[in-house]
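Student: The sequence and its predicted three-dimensional model are supplied below.
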Amino acid sequence: GQQLNQSPQSMFIQEGEDVSMNCTSSSIFNTWLWYKQDPGEGPVLLIALYKAGELTSNGRLTAQFGITRKDSFLNISASIPSDVGIYFCAGPDSGGSNYKLTFGKGTLLTVNP
Amino acid sequence: SQTIHQWPATLVQPVGSPLSLECTVEGTSNPNLYWYRQAAGRGLQLLFYSVGIGQISSEVPQNLSASRPQDRQFILSSKKLLLSDSGFYLCAWSLPGRQYFGPGTRLTVT
(Lines give C-alpha, C1' and ligand atoms only; values in the text may rest on other atoms or scores of the structure.)
Protein backbone atom coordinates (compact mmCIF):
# COMPACT_ATOMS: atom_id res chain seq x y z
CA GLY A 1 0.00 0.00 0.00
CA GLN A 2 0.88 3.65 -0.07
CA GLN A 3 3.18 5.08 2.57
CA LEU A 4 3.89 8.61 3.64
CA ASN A 5 7.23 9.40 5.27
CA GLN A 6 7.32 12.43 7.50
CA SER A 7 10.45 14.15 8.72
CA PRO A 8 11.66 15.05 11.14
CA GLN A 9 9.98 12.73 13.63
CA SER A 10 10.33 15.40 16.33
CA MET A 11 11.52 18.96 16.69
CA PHE A 12 12.50 21.05 19.69
CA ILE A 13 12.61 24.77 18.96
CA GLN A 14 12.60 28.11 20.71
CA GLU A 15 9.61 30.42 20.58
CA GLY A 16 9.91 32.78 17.63
CA GLU A 17 11.79 30.37 15.39
CA ASP A 18 10.52 29.21 12.03
CA VAL A 19 9.71 25.54 11.50
CA SER A 20 9.82 23.39 8.40
CA MET A 21 8.66 19.79 8.02
CA ASN A 22 7.99 17.61 5.04
CA CYS A 23 6.20 14.55 3.79
CA THR A 24 7.32 12.28 0.97
CA SER A 25 5.88 9.32 -0.87
CA SER A 26 7.04 6.81 -3.44
CA SER A 27 3.71 7.18 -5.25
CA ILE A 28 1.82 10.14 -6.63
CA PHE A 29 -0.83 11.91 -4.59
CA ASN A 30 -3.49 14.18 -6.07
CA THR A 31 -4.32 15.80 -2.74
CA TRP A 32 -2.17 16.65 0.25
CA LEU A 33 -3.65 17.37 3.67
CA TRP A 34 -1.96 18.72 6.78
CA TYR A 35 -3.46 18.14 10.23
CA LYS A 36 -2.47 19.30 13.70
CA GLN A 37 -3.27 17.32 16.83
CA ASP A 38 -3.14 19.09 20.17
CA PRO A 39 -2.38 16.86 23.17
CA GLY A 40 -5.44 14.81 24.13
CA GLU A 41 -7.58 16.02 21.24
CA GLY A 42 -8.54 14.91 17.74
CA PRO A 43 -6.55 16.08 14.69
CA VAL A 44 -7.72 19.30 13.07
CA LEU A 45 -7.39 19.94 9.35
CA LEU A 46 -5.06 22.89 8.77
CA ILE A 47 -4.51 23.05 5.04
CA ALA A 48 -5.64 21.12 1.96
CA LEU A 49 -3.69 21.19 -1.31
CA TYR A 50 -5.15 20.03 -4.62
CA LYS A 51 -2.76 21.11 -7.37
CA ALA A 52 0.91 20.42 -8.05
CA GLY A 53 2.97 23.49 -7.19
CA GLU A 54 0.17 25.00 -5.13
CA LEU A 55 1.24 27.18 -2.21
CA THR A 56 -1.41 27.84 0.43
CA SER A 57 -1.27 29.84 3.65
CA ASN A 58 -3.34 29.73 6.82
CA GLY A 59 -2.12 32.46 9.13
CA ARG A 60 1.48 31.69 10.06
CA LEU A 61 1.28 28.32 8.32
CA THR A 62 2.25 27.78 4.71
CA ALA A 63 2.08 24.48 2.84
CA GLN A 64 3.20 23.52 -0.63
CA PHE A 65 2.19 20.71 -2.96
CA GLY A 66 5.40 19.43 -4.56
CA ILE A 67 5.71 19.60 -8.33
CA THR A 68 6.49 15.89 -8.56
CA ARG A 69 3.24 15.15 -6.64
CA LYS A 70 5.30 12.95 -4.35
CA ASP A 71 6.00 15.45 -1.59
CA SER A 72 4.60 18.30 0.44
CA PHE A 73 6.04 20.82 2.88
CA LEU A 74 4.61 22.65 5.88
CA ASN A 75 6.26 25.76 7.27
CA ILE A 76 5.36 27.59 10.47
CA SER A 77 6.71 31.09 10.91
CA ALA A 78 7.45 32.80 14.22
CA SER A 79 6.44 29.80 16.35
CA ILE A 80 4.48 30.29 19.58
CA PRO A 81 3.89 27.89 22.50
CA SER A 82 0.42 26.91 21.24
CA ASP A 83 2.01 25.46 18.08
CA VAL A 84 2.98 22.46 20.21
CA GLY A 85 1.46 19.23 18.97
CA ILE A 86 1.73 16.51 16.36
CA TYR A 87 1.54 17.47 12.70
CA PHE A 88 0.30 14.83 10.27
CA CYS A 89 0.34 14.79 6.51
CA ALA A 90 -2.24 12.70 4.69
CA GLY A 91 -3.54 11.93 1.25
CA PRO A 92 -6.37 9.96 -0.34
CA ASP A 93 -5.68 6.26 -0.67
CA SER A 94 -5.58 5.13 -4.26
CA GLY A 95 -5.95 1.44 -3.51
CA GLY A 96 -9.58 1.26 -2.49
CA SER A 97 -12.37 3.52 -1.36
CA ASN A 98 -12.07 7.11 -2.52
CA TYR A 99 -12.68 8.20 1.05
CA LYS A 100 -9.84 6.46 2.81
CA LEU A 101 -6.73 8.43 3.73
CA THR A 102 -3.12 7.39 4.15
CA PHE A 103 -1.45 9.19 7.08
CA GLY A 104 2.17 9.85 7.87
CA LYS A 105 3.41 8.96 11.36
CA GLY A 106 3.57 12.60 12.37
CA THR A 107 6.09 15.24 13.43
CA LEU A 108 6.05 16.06 17.13
CA LEU A 109 6.73 19.76 17.68
CA THR A 110 7.84 21.16 21.02
CA VAL A 111 8.19 24.92 21.44
CA ASN A 112 10.19 26.26 24.38
CA PRO A 113 8.98 29.64 25.63
CA SER B 1 -22.06 23.50 10.00
CA GLN B 2 -21.07 19.95 10.74
CA THR B 3 -20.23 18.74 14.23
CA ILE B 4 -18.94 15.38 15.41
CA HIS B 5 -19.38 14.10 18.96
CA GLN B 6 -17.78 11.21 20.79
CA TRP B 7 -18.50 9.78 24.21
CA PRO B 8 -17.38 9.03 26.69
CA ALA B 9 -14.32 11.26 26.70
CA THR B 10 -12.39 8.92 28.96
CA LEU B 11 -12.99 5.35 30.07
CA VAL B 12 -11.21 2.93 32.38
CA GLN B 13 -12.30 -0.68 31.99
CA PRO B 14 -11.02 -3.98 33.38
CA VAL B 15 -9.73 -6.72 31.11
CA GLY B 16 -12.55 -8.95 29.90
CA SER B 17 -15.26 -6.31 30.22
CA PRO B 18 -17.41 -5.16 27.29
CA LEU B 19 -16.96 -1.88 25.44
CA SER B 20 -19.23 0.53 23.66
CA LEU B 21 -18.02 3.83 22.24
CA GLU B 22 -20.40 6.10 20.40
CA CYS B 23 -19.92 8.66 17.68
CA THR B 24 -22.57 10.94 16.18
CA VAL B 25 -22.37 13.53 13.43
CA GLU B 26 -24.63 16.54 13.02
CA GLY B 27 -25.22 18.77 10.05
CA THR B 28 -24.70 16.30 7.23
CA SER B 29 -26.51 13.35 5.69
CA ASN B 30 -25.16 9.92 4.80
CA PRO B 31 -21.57 10.69 5.78
CA ASN B 32 -18.77 8.19 5.45
CA LEU B 33 -17.70 7.35 8.99
CA TYR B 34 -14.45 5.99 10.39
CA TRP B 35 -12.95 4.59 13.59
CA TYR B 36 -9.24 5.02 14.22
CA ARG B 37 -7.04 3.99 17.11
CA GLN B 38 -3.97 5.93 18.15
CA ALA B 39 -1.49 4.18 20.40
CA ALA B 40 1.21 5.93 22.41
CA GLY B 41 3.49 5.76 19.38
CA ARG B 42 1.06 8.32 17.83
CA GLY B 43 0.34 6.79 14.42
CA LEU B 44 -3.30 6.61 13.31
CA GLN B 45 -4.57 3.11 12.63
CA LEU B 46 -7.80 2.78 10.67
CA LEU B 47 -10.02 0.17 12.30
CA PHE B 48 -13.38 0.39 10.50
CA TYR B 49 -15.17 2.54 8.00
CA SER B 50 -18.76 2.75 6.85
CA VAL B 51 -20.28 4.22 3.68
CA GLY B 52 -23.88 3.74 4.83
CA ILE B 53 -26.28 2.27 7.38
CA GLY B 54 -25.40 -1.34 8.11
CA GLN B 55 -22.32 -1.23 5.85
CA ILE B 56 -19.10 -1.85 7.75
CA SER B 57 -15.61 -2.52 6.39
CA SER B 58 -12.96 -3.87 8.73
CA GLU B 59 -9.35 -2.93 8.18
CA VAL B 60 -7.60 -4.85 10.94
CA PRO B 61 -8.63 -8.23 12.41
CA GLN B 62 -9.11 -7.90 16.16
CA ASN B 63 -11.62 -8.37 18.94
CA LEU B 64 -13.38 -5.09 18.13
CA SER B 65 -16.49 -4.63 16.01
CA ALA B 66 -18.39 -1.66 14.63
CA SER B 67 -22.00 -0.97 13.85
CA ARG B 68 -23.95 1.79 12.18
CA PRO B 69 -27.56 1.59 13.36
CA GLN B 70 -28.48 5.06 12.11
CA ASP B 71 -27.29 7.35 9.32
CA ARG B 72 -25.19 9.56 11.58
CA GLN B 73 -24.32 7.15 14.38
CA PHE B 74 -21.27 4.91 14.51
CA ILE B 75 -20.56 2.55 17.41
CA LEU B 76 -17.36 0.71 18.33
CA SER B 77 -17.79 -2.37 20.50
CA SER B 78 -16.02 -5.25 22.10
CA LYS B 79 -17.37 -8.25 24.00
CA LYS B 80 -14.17 -8.73 26.02
CA LEU B 81 -11.45 -6.10 26.25
CA LEU B 82 -7.75 -6.92 26.14
CA LEU B 83 -4.93 -4.90 27.64
CA SER B 84 -3.77 -4.16 24.11
CA ASP B 85 -7.06 -2.38 23.39
CA SER B 86 -5.90 0.61 25.42
CA GLY B 87 -5.45 3.73 23.35
CA PHE B 88 -7.02 6.87 22.00
CA TYR B 89 -10.03 6.17 19.77
CA LEU B 90 -11.00 8.67 17.15
CA CYS B 91 -14.13 8.87 15.05
CA ALA B 92 -14.12 10.78 11.78
CA TRP B 93 -16.45 11.71 8.93
CA SER B 94 -15.46 12.66 5.44
CA LEU B 95 -15.99 14.73 2.39
CA PRO B 96 -14.26 13.51 -0.78
CA GLY B 97 -10.51 13.58 -0.16
CA ARG B 98 -10.59 14.92 3.40
CA GLN B 99 -11.66 13.79 6.86
CA TYR B 100 -12.75 15.57 10.00
CA PHE B 101 -12.11 14.09 13.42
CA GLY B 102 -14.01 14.01 16.67
CA PRO B 103 -12.50 14.86 20.08
CA GLY B 104 -11.58 11.25 20.83
CA THR B 105 -12.07 8.76 23.66
CA ARG B 106 -9.15 7.79 25.89
CA LEU B 107 -9.56 4.10 26.81
CA THR B 108 -7.44 2.51 29.51
CA VAL B 109 -7.82 -1.23 30.04
CA THR B 110 -6.57 -2.35 33.45
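Tutor: Right, received. Where do you want to start?
Student: What parts of chain A come near chain B?
Tutor: Taking C-beta under 8 Å from any C-beta of the partner chain as the contact definition, chain A meets chain B at A:30-31, A:33, A:35, A:40-45, A:48, A:50, A:86, A:88, A:90, A:92, A:97-101, A:103, A:105-106, A:108. The C-beta positions use only the backbone N, C-alpha and C, and glycine is treated the same way.
Student: again, 10 Å this time
Tutor: Contact residues, chain A versus chain B (C-beta under 10 Å from any C-beta of the partner chain): A:9, A:30-33, A:35, A:37, A:40-45, A:48, A:50, A:86, A:88, A:90-93, A:96-108.
Student: Any chance of a ChimeraX selection covering the buried ones in those residues?
Tutor: This is how ChimeraX selects the buried members of these, with burial counted by 16 or more other C-beta atoms under 10 Å in any protein chain shown:
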select /A:31,32,33,35,37,42,43,45,48,86,88,90,91,92,93,99,100,101,102,103,104,105,106,107,108
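Student: mind listing which of the residues of chain A next to chain B are in strands?
Tutor: Judged by DSSP state E, those include A:32-33, A:35, A:37, A:44-45, A:48, A:86, A:88, A:90-92, A:101-103, A:107-108 as members of strands.
Student: pLDDT weak spots in the chain?
Tutor: I'll assume chain A. A:1, A:95-98 (pLDDT under 70).
Student: oops, chain B please
Tutor: Looking along chain B with the criterion set at pLDDT under 70, you get B:41, B:61.
Student: who touches the residue of chain A found nearest chain B in this structure?
Tutor: Distance from chain B to each residue of chain A (C-beta to the nearest C-beta) is smallest for residue A:42, at 3.6 Å. Residue A:42 is in contact with A:35, B:4, B:6, B:36, B:38, B:88, B:90-92, B:100-105, counting by C-beta atoms under 10 Å, 6 or more residues apart in numbering or on different chains.
Student: Which entries within those residues meet the buried criterion?
Tutor: By 16+ other C-beta under 10 Å, the contacts of residue A:42 give A:35, B:4, B:6, B:36, B:38, B:88, B:90-92, B:100-102, B:104-105 as buried.
Student: CSV for those, including secondary structure?
Tutor: Below are the buried ones among the contacts of residue A:42 laid out as CSV (DSSP: H, G, I helix; E, B strand; the rest coil):
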residue, secondary structure
A:35, strand
B:4, strand
B:6, strand
B:36, strand
B:38, strand
B:88, strand
B:90, strand
B:91, strand
B:92, strand
B:100, strand
B:101, strand
B:102, coil
B:104, coil
B:105, strand
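Student: Quick check: the farthest pair among the residues you listed?
Tutor: Farthest-apart pair in those is A:35 and B:105; separation 18.3 Å (C-beta to C-beta).
Student: tell me, how many neighbours does the residue lying closest to residue A:28 once chain neighbours are set aside end up with?
Tutor: In space, and not counting its chain neighbours, residue A:28 is closest to residue A:69: 4.3 Å by C-beta to C-beta, 6 or more residues apart in numbering or on different chains. By other C-beta atoms under 10 Å in any protein chain shown, 18 other residues sit near residue A:69.
Student: Likewise for the one 5 residues further on?
Tutor: The burial count assigned to residue A:74 is 24, neighbours taken as other C-beta under 10 Å.
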